[in-house]
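A.B. asks: Build me a model:
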Amino acid sequence: MYKAVKKSQNYGKEVILDLHNCNSKKFTRKIIKAYFIELCDLIDMQRCKLSWWDDYGLPLEKRQTEPHLKGTSAIQFILTSNITIHTLDIMERVYLNIFSCKDFDAKIVRDFTKNWFGGRVVNYKVIIRK
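C.D. replies: Below you'll find the predicted structure:
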């Protein structure tokens, strides 16, 4: 049977993090996958399927060249929702969203991500979902 949820109880938490002037050499599938593994261990999330969206394996004429489009996007599904990352190679930026109905420490996410990719935090928001 389902456990009753109190009307005043929060549903989950979302973190939005934007980093600029990052180390774009870290925007590879291998390094981003390692990032997800370490991050999920740090915030105690169970990883599920990992999906990619990038130019990997595409012919040169089909690859993105616009600065705001060239990069790697990935979704790390977790048991309680997902972690989405968008990296922009030319602009040296990382955009991260985490949503989980399981609580986690948003400051650990911010500090770990900043240390992993370098750069500076230009946007950081924590939203408690009701």
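
A.B. asks: Off-centre distance for stretch 97-106?
C.D. replies: Relative to its chain's centre, stretch 97-106 lies at 11 Å (Cα atoms, centre = their mean, to the nearest Å).

A.B. asks: In that stretch, which residues are buried?
C.D. replies: Residues of stretch 97-106 classed as buried: 97, 98, 99, 100, 104, 106 (neighbour count, 16 or more other Cβ atoms under 10 Å). For every residue, glycine as well, the C-beta is placed using N, CA and C.

A.B. asks: same thing with stretch 66-81?
C.D. replies: Under the neighbour-count criterion of 16+ other Cβ under 10 Å, stretch 66-81 has 70, 71, 72, 74, 75, 76, 78, 81 buried.

A.B. asks: Check the separation of the first and last residues in it.
C.D. replies: 30 Å (Cα to Cα, to the nearest Å).

A.B. asks: Do you know the pLDDT at residue 68?
C.D. replies: pLDDT for residue 68: 73.

A.B. asks: measure it to residue 123 for me?
C.D. replies: According to Cβ to Cβ, to the nearest Å, residue 68 and residue 123 sit 16 Å apart.

A.B. asks: CA atoms only: put stretch 107-116 into PDB for me.
C.D. replies: C-alpha atoms of stretch 107-116 as PDB (Å, rounded to 0.1, in the frame of the first residue of the first chain):
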ATOM      1  CA  LYS A 107      25.700  23.100  -1.500                       C
ATOM      2  CA  ILE A 108      27.600  19.900  -2.100                       C
ATOM      3  CA  VAL A 109      26.300  19.900  -5.600                       C
ATOM      4  CA  ARG A 110      27.300  23.500  -6.200                       C
ATOM      5  CA  ASP A 111      30.800  23.200  -4.700                       C
ATOM      6  CA  PHE A 112      31.600  19.800  -6.200                       C
ATOM      7  CA  THR A 113      30.400  20.900  -9.700                       C
ATOM      8  CA  LYS A 114      32.400  24.100  -9.500                       C
ATOM      9  CA  ASN A 115      35.500  22.300  -8.500                       C
ATOM     10  CA  TRP A 116      35.100  19.600 -11.100                       C
END
